[in-house]
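Novice: From the sequence below, what's the structure:
(chains A and B)
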2 protein chains.
Amino acid sequence: MEASTHWNRSPGPAWPVSGQTRFVTLDEVVLESGTRISPARVAYETYGRPNAARDNAILVCHALTGSAHVARHGPQDPLEGWWEGMVGPGRALDTSRYFVICSNVLGGCYGTTGPSSPEPVSGRPYGMRFPAITIRDMVRAQRGLVGHLGVRRLLTVVGGSMGGMQALEWAIMYPEMVASIIPLSACGRLSAQGIAFNQVQRLAITQDPGWNQGDYYQKPGPVAGLALARMIGTITYKSDQCWNQRFGRKRGPGPGDQDCFEIENYLFHHGKKLVDRFDANTYLYLSRAMDLHDVGRGRGPYEEVVQSIRCPVLSVGITSDLLFPVYQQRELVQLLRRAGRRARYAEVESALGHDGFLVETGRLAPVLGGFLDELVSCEQPMAGGDA
Amino acid sequence: MEASTHWNRSPGPAWPVSGQTRFVTLDEVVLESGTRISPARVAYETYGRPNAARDNAILVCHALTGSAHVARHGPQDPLEGWWEGMVGPGRALDTSRYFVICSNVLGGCYGTTGPSSPEPVSGRPYGMRFPAITIRDMVRAQRGLVGHLGVRRLLTVVGGSMGGMQALEWAIMYPEMVASIIPLSACGRLSAQGIAFNQVQRLAITQDPGWNQGDYYQKPGPVAGLALARMIGTITYKSDQCWNQRFGRKRGPGPGDQDCFEIENYLFHHGKKLVDRFDANTYLYLSRAMDLHDVGRGRGPYEEVVQSIRCPVLSVGITSDLLFPVYQQRELVQLLRRAGRRARYAEVESALGHDGFLVETGRLAPVLGGFLDELVSCEQPMAGGDA
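Specialist: A predicted model of the protein is given here:
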């Protein structure tokens, strides 16, 4: 274990890492490509306590721009987490019962080693010299953390979007270590459309002269490009129905007091907001890792690899998800059931699209809470729900 | 009337204007904003001949990157039109029966006055000094052309996407001049999501340093930015299902022999292709005109304005359209019928998304042809189809 300080973009504000973030330095993480990242630091937070049997641990995996700070550590914690409403005492991931672990992914910019971290010899940020990573590499780093925490078996691995990809890989890579997984708004392999939307977002960054081949850490960096990438992403995170309800054709003053559509101002706002809290190179690396996500890659036929998952699976979809449409979450359960596995599909009716997994905590909580209750009471939840 | 030569991007290839393109110079077009464009040249092509009664004229309106060249003028014509399969002898828009007119829109770059045209006094391209235009302004310019051609009444005004917006405006602005309209994959007002996708495409252009505030006509211009805009657009023009069927996760060599997903190569290809044939400033102006499209603007409640359309309307939707979802084409017909108007809705089952109106000519031809046949035989097509 190691104390704090990580290499932030400079000048400009530091990315907000919670005061509760802890760090473990792994000697190395051997990537799927064979490349080694050595040493590799993993930033993490924990909530609740391990029980005596050490069988109450839950690993929460974050999506593209998330961090280890999944929720506040009590009412005094000033920094809002990305899944407030799901994690805490009495919530679905009940920290009075479960030991909840959340870590920043490998390649991230919230304390875990990534492209903005210092390269060991030079001490300069890796930039594009950071090796390409995959979802499996993120899971390898998490495996190191879980071992460090003395946890041998996870009650569940849960996450949405890129977090759900990690949950699926956990069940395949370390089946002996996971009692169940809960992928939300996820898929077993990214669709062509998903790759396409990622590609244009990456181009928005790399075509910004401020990106400078990823070497911008002493400069403002690709501010406009990262904002544009986020704006494109944001469109795909909700739904046509949601935008109609929320903004329609309403107008208001935009940048420079120009008259704009409210939807434009909303996107501007969210673009700018991300620039202040996220590293453009990390965006590139994690986005590419999502493109590469395919549980079948190098293992065998896709269907068979999905069907090799032996633990109970709760797959959750949001009806209006444009980016990870519900057929993807259904398909996972259909494949698993066809192989006689214990899999449940739950669909949440919502106009909030892909963001639904983050925002619809009121509807998700009973679904996840119920699954966990069954899991704890009999360790064999039945395969309810229609897929 | 005036002969050829229009101001093209330089250096670089000229935008391909058909040898059959003719031009009319209008003394002025008074815009909705009150600004005058004077003179305003309109590039157009015609197919077939006016009949003695001069009641067989059809105006075809193009979408964002279209031109007056809707189809070949016979088998010798080297340049493919944007709606081949729909326009020609024996086709739905049967040039042995109908006098088909198609013009490049105001603000365009295929011969009609637009931001790349020379400003009258300086002779330099307008660039961003070109006034903001609306769909209604495009229709005003078309009205000038139609008058010049001695046509008093159009049998129909037909077009997809931005072309369908023009068709709707024709029926409202010049009701005495249109016997029917056929908007395809269109809407009465652009949705928030549509505005959002346009916004990020415009930003891709204007954030490219090569854009230079629109003053790039002696330089390469915003090559990367325009390509990126087109790539974003292209994703939205088809559908998740289409991309899955066509590309899935197939890989192949991309730029610089890098291993890419085929969907990425497809988008790169279409991005580059547009740069060679289209003006970035025109892209900005037409995209904004689409944002501003709302038949109710300045006229009254949206529903009432739609319901003021008195001619028969055939509204066509493509099931998988992401950008102009079918509820929009259905809504037009529902509103019209509620007011006792003659309106028909036709839905084409296709995975080709918004591009379906361009590509699914085999399925569209009988729908459009049948509507026109009824119109000619009784001038009162019945209101079939379910809306």
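Novice: who in the stretch 51-200 of chain A is up against chain B?
Specialist: Proximity of the stretch 51-200 of chain A to chain B (CB under 8 Å from any CB of the partner chain) is limited to residues A:Arg189, A:Leu190, A:Ser191, A:Ala192, A:Gln193, A:Ile195, A:Ala196, A:Phe197, A:Gln199, A:Val200. Backbone N, C-alpha and C define where each C-beta goes, glycine included.
Novice: okay if I get those residues as JSON lines plus secondary structure and pLDDT?
Specialist: Listed next are these as JSON lines, based on DSSP: H, G, I helix; E, B strand; the rest coil; pLDDT from 0 to 100:
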{"residue": "A:Arg189", "secondary structure": "strand", "pLDDT": "98"}
{"residue": "A:Leu190", "secondary structure": "coil", "pLDDT": "98"}
{"residue": "A:Ser191", "secondary structure": "coil", "pLDDT": "98"}
{"residue": "A:Ala192", "secondary structure": "helix", "pLDDT": "98"}
{"residue": "A:Gln193", "secondary structure": "helix", "pLDDT": "98"}
{"residue": "A:Ile195", "secondary structure": "helix", "pLDDT": "98"}
{"residue": "A:Ala196", "secondary structure": "helix", "pLDDT": "98"}
{"residue": "A:Phe197", "secondary structure": "helix", "pLDDT": "98"}
{"residue": "A:Gln199", "secondary structure": "helix", "pLDDT": "98"}
{"residue": "A:Val200", "secondary structure": "helix", "pLDDT": "98"}
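Novice: Could you give the average pLDDT over stretch A:37-57?
Specialist: Averaged over stretch A:37-57, pLDDT sits at 96.
Novice: Only C-alpha atoms, please: export it in PDB.
Specialist: Extracted in PDB, the C-alpha atoms of stretch A:37-57 (Å, rounded to 0.1, in the frame of the first residue of the first chain):
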ATOM      1  CA  ILE A  37       2.200  -2.700 -16.100                       C
ATOM      2  CA  SER A  38       4.600  -2.500 -13.300                       C
ATOM      3  CA  PRO A  39       3.900  -1.300 -10.800                       C
ATOM      4  CA  ALA A  40       0.100  -0.700 -11.100                       C
ATOM      5  CA  ARG A  41      -1.700   1.300  -8.500                       C
ATOM      6  CA  VAL A  42      -5.400   0.600  -7.800                       C
ATOM      7  CA  ALA A  43      -7.600   3.300  -6.200                       C
ATOM      8  CA  TYR A  44     -10.500   1.900  -4.300                       C
ATOM      9  CA  GLU A  45     -13.100   2.600  -1.600                       C
ATOM     10  CA  THR A  46     -14.900   0.300   0.700                       C
ATOM     11  CA  TYR A  47     -18.300   0.500   2.500                       C
ATOM     12  CA  GLY A  48     -19.500  -1.600   5.300                       C
ATOM     13  CA  ARG A  49     -17.400  -4.400   6.800                       C
ATOM     14  CA  PRO A  50     -16.500  -8.000   5.900                       C
ATOM     15  CA  ASN A  51     -18.400 -10.500   8.100                       C
ATOM     16  CA  ALA A  52     -16.700 -13.300   9.900                       C
ATOM     17  CA  ALA A  53     -17.300 -15.800   7.100                       C
ATOM     18  CA  ARG A  54     -16.000 -13.200   4.600                       C
ATOM     19  CA  ASP A  55     -18.800 -14.100   2.200                       C
ATOM     20  CA  ASN A  56     -20.600 -10.700   2.100                       C
ATOM     21  CA  ALA A  57     -18.300  -8.800  -0.300                       C
END
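Novice: State whether A:Val100 is indeed within a strand.
Specialist: Yes. Per DSSP: H, G, I helix; E, B strand; the rest coil, A:Val100 lies within a strand segment.
Novice: Tell me how far the nearest residue to A:Val87 once chain neighbours are set aside lies from A:Glu303.
Specialist: Nearest-residue entry for A:Val87: A:Ala71, 3.9 Å, with adjacent residues in sequence omitted and distances by CB to CB, 6 or more residues apart in numbering or on different chains. The spacing between A:Ala71 and A:Glu303, counted by CB to CB, to the nearest Å, is 36 Å.
Novice: Give me the below-cutoff pLDDT ranges for chain A.
Specialist: Under the criterion of pLDDT under 70, the regions of chain A flagged as low confidence span A:1-16, A:379-387.
Novice: All the helices of it, residue numbers only.
Specialist: Listed in chain order, the helices of chain A (DSSP state H) span residues A:135-148, A:162-173, A:192-206, A:223-237, A:240-246, A:262-275, A:280-292, A:302-307, A:326-338, A:356-359, A:361-378.
Novice: Now do the contacts for the residue most central in space within chain A.
Specialist: By CA atoms, centre = their mean, the mean C-alpha position of chain A lies nearest to A:Ala63, the distance being 1.8 Å. Counting by CB atoms under 8 Å, 6 or more residues apart in numbering or on different chains, A:Ala63 makes contact with A:Gly159, A:Gly160, A:Ser161, A:Met162, A:Gly163, A:Phe357, A:Leu358.
Novice: let's see it at 10 Å
Specialist: Residues touching A:Ala63, when contacts are defined by CB atoms under 10 Å, 6 or more residues apart in numbering or on different chains, comprise A:82-83, A:105, A:159-166, A:184-186, A:237, A:286, A:290, A:354-355, A:357-358.
Novice: number of nearby residues for A:Gly362?
Specialist: By the other CB atoms under 10 Å in any protein chain shown criterion, the neighbourhood of A:Gly362 contains 10 residues.
Novice: Not including adjacent chain positions, what is the nearest residue to it?
Specialist: Leaving out its chain neighbours, A:Gly362 is closest to A:Gly85 (CB to CB, 6+ apart), at 7.2 Å.
Novice: Next one: A:Ile58 from B:Val60, what distance?
Specialist: 60 Å.
Novice: do the same with A:Ile263
Specialist: Taking CB to CB as the measure, A:Ile263 and B:Val60 are separated by 31 Å.
Novice: Pull the contacting residues for A:Met128.
Specialist: In this structure, A:Met128 makes contact with A:Pro115, A:Thr206, A:Trp211, A:Asn212, A:Gln213, A:Gly214, A:Asp215, A:Asn281, A:Leu284, A:Tyr285, judged by CB under 10 Å, 6+ apart.
Novice: can you check A:Tyr327 too?
Specialist: Taking CB under 10 Å, 6+ apart, we find A:Tyr327 in contact with A:Cys187, A:Ser191, A:Gly317, A:Asp321, A:Gln334, B:Asp240, B:Gln241, B:Asn244.
Novice: right, and the residue nearest to A:Val87 touches A:Arg91 too?
Specialist: Yes. The pair A:Ala71 / A:Arg91 is scored as a contact, 8.2 Å apart, by CB atoms under 10 Å.
Novice: Beta-bridge partners for A:Pro253, please?
Specialist: Beta-bridge pairing of A:Pro253, defined through DSSP bridges, involves A:Asp259.
Novice: ok, it - how many residues close by?
Specialist: 10.
Novice: swap in A:Arg251?
Specialist: Burial measure for A:Arg251: 14 neighbouring residues, criterion other CB under 10 Å.
Novice: contacting residues for it?
Specialist: Applying CB under 10 Å, 6+ apart, one finds that A:Arg251 lies in contact with A:Asp259, A:Cys260, A:Phe261, A:Glu262, A:Ile263, A:Glu264, A:Asn265.
Novice: Give me the spatial nearest neighbour of the third one, chain neighbours excluded.
Specialist: Nearest non-adjacent residue to A:Phe261, counting by CB to CB, 6+ apart: B:Ile195, 5.0 Å away.
Novice: The one you found and B:Gly164: what is the separation?
Specialist: The spacing between B:Ile195 and B:Gly164, counted by CB to CB, is 17 Å.
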